[in-house]
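[1] just coords:
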């Protein structure tokens, strides 16, 4: 029950951040102070929050490219929402978040998909590293710089396609094995 309350608090803050009018950005100080108070209340480790924030902030700053006229406000909103989600991930474990989502009656298929993605993300990273190492070992080219770069882009695209195909085939094998052992989507 406590996890559902925590999740609802953080999602409410993100909702408030999203609904603050762009014309009046001064209201964004309210959710910022609430986030600061919550992070102090939950005694969040600041080193971990700052490290994660610097890792993920470039994706938020990418908004500058999309919207030049309102970019500062959108980046500020995105940064505050990112801060809220980072603090939520520090406060709650992944399994607690999934349990809270179940209490909010999120469709079970979506929860299972998120859970399986989280569980098998290591396999995807490992498979990508293996494919990259294999491509590197097989693609020695001593031609000029431009041809190497063009070939590298083509090879990266083909590696991404192959990774997608291997992921789909691997997911089908895992799903078949799980179904053979009695697993179903409803979790019964």
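    Nice, thanks for sending it over. Small disclaimer: the values here were computed from a predicted structure and weren't measured. Numbering: from 1, shown residues only.

[2] which parts of the protein are helices?
    For the chain, the helices defined by DSSP state H cover 2-19, 29-41, 46-61, 63-66, 71-91, 94-103, 108-138, 145-180.

[3] among those, which is the most enclosed?
    Of all the helices of the chain, helix 71-91 has the most neighbours on average by mean count of other Cβ atoms under 10 Å, namely a mean of 19. All C-beta atoms are positioned from the backbone trio N, CA, C, and that covers glycine.

[4] got the angle for it vs helix 94-103?
    110 degrees (axes from the mean of the first three to the mean of the last three Cα atoms, to 10 degrees).

[5] mind checking how far residue 23 is from residue 73?
    Distance, residue 23 to residue 73, by Cβ to Cβ, to the nearest Å: 9 Å.

[6] what of residue 48?
    For residue 48, the distance to residue 73 equals 27 Å [Cβ to Cβ].

[7] below-threshold pLDDT in this protein: ranges please.
    1, 66-69, 138-152, 185-188 (pLDDT under 70).

[8] domain map for the chain?
    2-103, 108-180 (automatic domain parsing).

[9] grab the nearest non-local neighbour of the residue positioned nearest the centre of the chain.
    For the chain, residue 56 is the residue whose C-alpha lies nearest the centre (Cα atoms, centre = their mean; 9.0 Å). Excluding its sequence neighbours, the residue lying closest to residue 56 (Cβ to Cβ, 6 or more residues apart in numbering) is residue 82, at 5.8 Å.

[10] just confirm residue 78 contacts residue 60, I think it does.
    Yes - between residue 78 and residue 60 a contact is recorded at 3.8 Å, counting by Cβ atoms under 8 Å.

[11] run a quick neighbour tally on residue 24.
    9 (other Cβ atoms under 10 Å).

[12] where does it fall, phi/psi-wise?
    Residue 24 adopts backbone torsions of phi -130, psi 80, taken as degrees, to the nearest 10.

[13] got a list of what the closest residue to residue 27 other than its chain neighbours touches?
    Excluding its sequence neighbours, the residue lying closest to residue 27 (Cβ to Cβ, 6+ apart) is residue 20, at 4.7 Å. Applying Cβ atoms under 8 Å, 6 or more residues apart in numbering, we find residue 20 in contact with 27-28, 31, 77.
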